[in-house]
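> Quick check, what structure comes out for this input:
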Amino acid sequence: MLDEWVSSHGNAQQFQSHSSPSQGANADYDEEALDGFGPRSIARDPDNQMFTVEVLERNPTRGHGVITCVAAGNNVIVVGTNRGWLIRHDFSGGDCLELDLNSSKASDQRVLRVFVDPAGRHTLLVVETSDGSETHYLHSRSKRTRILSRFKGLTICAVAWNKYQLNEVSQDMVVGTSGGQLLETSLEEKEKREKPLKLLYELTELNEPIVGLQMETSSVGSQVRNFLMAVTPTRLYSFTGLGSLETMFSAYMSKPVRFTELPGEQVRSELHFSAKHRRTEIFAWLAGPGIYYGELNLALQQTVEDYFIENKSLLEYTKLDGGSAKPCALALSEFHFLLLYENKLKVVNRVSQTIVEEKVFDSLLDQSTSAMVGLCTDAIGGAIFAYNENSLYEIVINDEGRDMWLMYLSIKDYATALEHCRDGSQKDRVFVTQADIAFAAKDYITAAVFYAKVILPFTEIALKFIAEGELDALRTYLLRKLDNLGKEDRSQITMISTWAVELYLDKINSLLSSKPSELKGNTEHQELKGNTEHQELLTEFRAFLSDCKDVLDEATTLKLLGSYGRVEELIYFAGLKEQHETVIHHYIQQGEAKMALSVLRKPNVSPELQYKFAADLIMLDAYETVEFWMTMDNLNPRRLIPALMRYSSRPHSKDETHEAIKYLEFCVQHQENKDSAVHNLLLSLYAKQDDEGRLLRFLESNYGKGRPGQPEIFYDPKYALRLCLKEKRMRACVYIYSTMNMHEEAVALALQVDPELAKAEADKVEDDPELQKKLWLMVAKHVIQQEKGVERENIRRAIAFLKEADGLLKIEDILPFFPDFALIDDFKEAICASLEDYNKQINRLKQEMNDATRGADNIRRDISTLTQRYAIVDRDEKCGVCALGILRSGTSQTRGVSSVMAPFYVFPCEHSFHAQCLLGHIIKYKDKNETDQIMDLQRRLAVLFNSGSINNASIEDSENPSFGSASTPSIDQLCEQLDDAIAGECPYCGELMIKEISRPFISMDETDEILSWQIKRV
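The predicted structure is shown next:
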């Protein structure tokens, strides 16, 4: 039977749509709301209705009676008839099920009510019987119903499903009975034992059935809060609480139950929830006097709060059409009430409370004169169905929220209206409406804010504010307009920003130029308020300049600021545009050195400005300037010398810290500056100080000492000498003479200052005794000739001076400095001491000569002993190189002499080597020069032997011993030199063996050996 519903659904017939008188009134409102926007009506296209009614099925009972009730959930529709038939169809792909509930009964039983859970799995039926009613249960996987005996004697009028615990096998629910009871129970697909009923609440003060139930849940931490609403024909009850339902209702034993009573002419009372994004937000109760509706606050967190209904309202039936007709059923969509009458459906906007559409059920198309029975809603699928005794209809919703922005605009709920706008033009209409209302109310600032959000002629809005003389509002409009412009509108942004600058300047000057007569009667509070306003405006203006620095024309803005006399703002803007030179120059003119230094401290300031304004800054505030320089790592002190010299040229008090000296000391000591100009300037400043100690410490501090490749001093000693002589810094001159190795000049100058200083300088020359003696003689001459007093006393002082010379001077050295008439008796002791000293020296020399003679005799005896030294060689002794017998016969290649045995060497360590073998072994470890020398000796010996000059050389040597040694070495001398070269030490026990550790096992010349060690690929 219901299989034909799907096929007819796609070709459903649309019903005629008629506009009611109230719809025309709504159109009149739209004209007012949209005044000034072109179209003045929102008359809809008749073919583009928000709600259409389509026939789902005609005569769906197919002979099983007429429709008495319908329920839907999750694309499942269940139909009950007056003959006890149940028809269930699953549009999500399930089969159609037809059940006859009278198969075991003698008479037909009427299906009074049918309830389907939101998931479409559990169905509850109330069937009328002769003695009351029966409650049947059907699961989606079952083919027959099951009677629930626990409901015997009870008639279920309403069911609220627990959406928090939707389950395929079982389902918790709350039922309302005709006796005013609220019961909690659970349905299961296969019950071994029926679940008991829990009485939650009972209406004792009112004898009315509970005809409507709805329930919602929300999470509060780890707990669940339940919300339940129940209606009777005249009352609406609300319950809420944490925990289970039983716990929630037990709390109402000690507190009153909240209810709303709306008595009136009896209608079929219904309660509906409307969900948005699957979250309940709206409820509606079809009551006697009208539709009572409101919002549900399901976000309650407090455990004590028990009222969750907000923004309640009553829509009376008389307000809809003025007649006495009342609907028989109600359905809720997101924004509308759907009211079902006997032959028509009225769609009422919930916000405007007006009828927006009206659908008439044409009896000719329906082929039936029966009135409409009811409406049902599929909460999950979102579909709404209408039905009468013979037909089913689907009410199709087509974008019902498209005009909601106008509805909210009509009640001046602008924020919600903006939320429902679909495009920019709709938003513009909302903003313009707000702006016009604010402008008419003389709230110009608010009007400016909203005008800036819409796309309207710029000049038109600006002239409106100018005409009213509201420059503050105009400035606000310009600022907000800037926020809404894109980067591509560069020229417009610049123009508006410049205009805003001028408006700011005009406002600032107007606050400052208030006449005294205008302020005469002002209180102190009013004056303070005016000052606060001025400061706030300045702060706002500076923030504006900072934000718009990149779009404002620099020259134009600076000209504007200057023309209004706003020097501080001009400097501020120049700083934003990185015109640092202008800013620094201004601060210096104002004497604000710290502000100028704060500009220089910025990382993007050119270093050249540091040097350009250095002289002005140090003259303005030397301490802060030097402290700033000491924090900068990229400064070149050489380029600051002109500023330092200018600062040093002015007079300074004794207690004043010389900032130039402080900075130069920092450069030299901490930065280790090597620039001679810096060191020379510091030296010149020290030279001009009263305290010569700082100058001497600087001269004695060799800042270059220990640095590789650097001199010990970086100042120019010649310049330092000239400067110190000019400034009469004699001790410093003495030190400089000394460092220049001009010791005679140093001592001569020191004698003019302090003889003790001269003595110290004379002692410094320790590596040159003659010069040291000469210097001491200069000191002695000065001491003797400058002393005044008794002659005998002067002589004693001279004798004491000899002791200070530490033996470097003798009495005879200083005698010429005394006058010729001095008596020798006064020098008797000194002369005797000197003679004794000479005697000691003569004796010491004699002792040294005797020791040298004995040493020479010992050497002669050692030489004689060495000539007789010998070593015993075993006849089986092997050569350390070739491993052959050391006593084998052969010919000496070195000396060219044939003998029984080859020449060999025997070392004290008892290692023996053939002469030729030792020569070849030694050459391998000698460098090129030594090898060439050995080969040359060998060659010269060979030449002498081959020329047969042995006898001649011996005769020449005997006749003229000096000839051979002076011009041509003899063979013995050459042999001795060769022996020294190759047999100076044992190659296995001497230094040669130690050097051999670093030598590779295989030399690079041994190519075959190297190749034999290579790893070859297989």
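> Who are the contact partners of residue 428?
Listed by C-beta atoms under 8 Å, 6 or more residues apart in numbering, the contact set of residue 428 reads 453, 454, 455, 456. (Each C-beta comes from the backbone N, C-alpha and C, glycine too.)
> and with 7 Å instead?
For residue 428, the contacting residues are 454, 455, by C-beta atoms under 7 Å, 6 or more residues apart in numbering.
> And residue 912, by the same measure?
Residue 912 sits next to 873, 877, 879, 880, 886, 904, 905, 906 when contact means C-beta under 7 Å, 6+ apart.
> Run a quick neighbour tally on the second one.
Just to be clear, that refers to residue 877. Neighbour count of residue 877, defined by other C-beta atoms under 10 Å: 16.
> What separation is there between it and residue 887?
Noted for residue 877: a distance of 7 Å to residue 887, by C-beta to C-beta, to the nearest Å.
> Narrow the contacts of residue 912 to those that are buried.
By neighbour count, with 16 or more other C-beta atoms under 10 Å, the contacts of residue 912 hold 877, 879, 880, 886, 904, 905, 906 as buried.
> which of those lies closest to residue 354?
Within the buried ones among the contacts of residue 912, proximity to residue 354 (C-beta to C-beta) peaks at residue 880, which comes in at 129.1 Å.
> pretty sure that closest one contacts residue 910?
No: in this structure residue 880 lies outside contact range of residue 910 using C-beta atoms under 7 Å: 10.2 Å.
> From residue 541, how far out is the spatially closest residue to residue 576 that is not a sequence neighbour?
Nearest residue to residue 576, sequence neighbours excluded (C-beta to C-beta, 6 or more residues apart in numbering): residue 549, at 4.3 Å. For residue 549, the distance to residue 541 equals 13 Å [C-beta to C-beta].
> for residue 454, same thing?
Residue 454 is 26 Å from residue 541, where distance means C-beta to C-beta.
> Looking at the buried ones among the contacts of residue 912, spot the one nearest residue 570.
Distance to residue 570, by C-beta to C-beta, is smallest for residue 880 among those, at 99.6 Å.
> residue contacts, the closest one?
911, 912, 913, 988.
> How about residue 67?
Residues counted as contacts of residue 67 (C-beta under 7 Å, 6+ apart) are 60, 61, 79, 81, 373, 387, 389.
> buried set for stretch 308-319?
By 16+ other C-beta under 10 Å, the buried positions in stretch 308-319 come out as 308, 309, 314, 315, 317.
> Count the residues that sit near residue 232.
By other C-beta under 10 Å, 23 other residues sit near residue 232.
> Hmm, it is touching residue 207, no?
No: contact criterion C-beta under 7 Å: residue 232 and residue 207 do not qualify, at 9.5 Å.
> hang on, the earlier thing: can you flag which of the contacts of residue 912 belong to strands?
Judged by DSSP state E, strands contain the following of the contacts of residue 912: 904, 905, 906.
> Show me the strands in the stretch 301-450 of the chain, by range?
For the stretch 301-450 of the chain, the strands defined by DSSP state E, counting those that start in this stretch cover 309-316, 329-332, 336-340, 344-349, 355-360, 372-377, 384-388, 391-397.
> Would you reformat these as a markdown table and include mean pLDDT and distance to residue 931?
Formatted as a markdown table, these follow (pLDDT from 0 to 100; distance: least, C-beta to C-beta, whole Å):
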| stretch | mean pLDDT | distance to residue 931 |
| --- | --- | --- |
| strand 309-316 | 89 | 113 |
| strand 329-332 | 93 | 116 |
| strand 336-340 | 93 | 117 |
| strand 344-349 | 92 | 118 |
| strand 355-360 | 89 | 120 |
| strand 372-377 | 92 | 116 |
| strand 384-388 | 92 | 117 |
| strand 391-397 | 91 | 113 |
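> most tightly surrounded among the ones you listed?
Mean neighbour count (mean count of other C-beta atoms under 10 Å) peaks for strand 336-340 among the strands of the stretch 301-450 of the chain, with a mean of 25.
> any idea what sits nearest residue 512, other than its immediate chain neighbours?
residue 534 (7.1 Å).
> no wait, residue 209
residue 178 is the one closest to residue 209 (C-beta to C-beta, 6+ apart), at 4.1 Å.
> what about that neighbour, distance to residue 184?
For residue 178, the distance to residue 184 equals 17 Å [C-beta to C-beta].
> Can you tell me the centre-most residue of this protein?
residue 603 (20.1 Å; C-alpha atoms, centre = their mean).
> wait, what's in contact with that one?
So residue 603 contacts nothing (C-beta under 7 Å, 6+ apart).
> do the same with residue 156
With C-beta under 7 Å, 6+ apart, residue 156 has these contacts: 113, 124, 126, 135, 175, 177.
> same deal with residue 66?
Residue 66 makes contact with 81, 82, 389, 390, according to C-beta under 7 Å, 6+ apart.
> out of those residues, which one sits closest to residue 920?
Nearest to residue 920 out of the contacts of residue 66 is residue 81 (C-beta to C-beta; 131.4 Å).
> Model confidence at the closest one, what's the number?
Looking at residue 81, its pLDDT reads 92.
> Kindly report the same for the one 5 residues further on.
With respect to pLDDT, residue 86 scores 91.
> and what of residue 710?
Listed pLDDT for residue 710 reads 63.
> With residue 178 instead?
Predicted confidence (pLDDT) for residue 178: 92.
> burial measure for it, as a count.
Residue 178: 17 surrounding residues under other C-beta under 10 Å.
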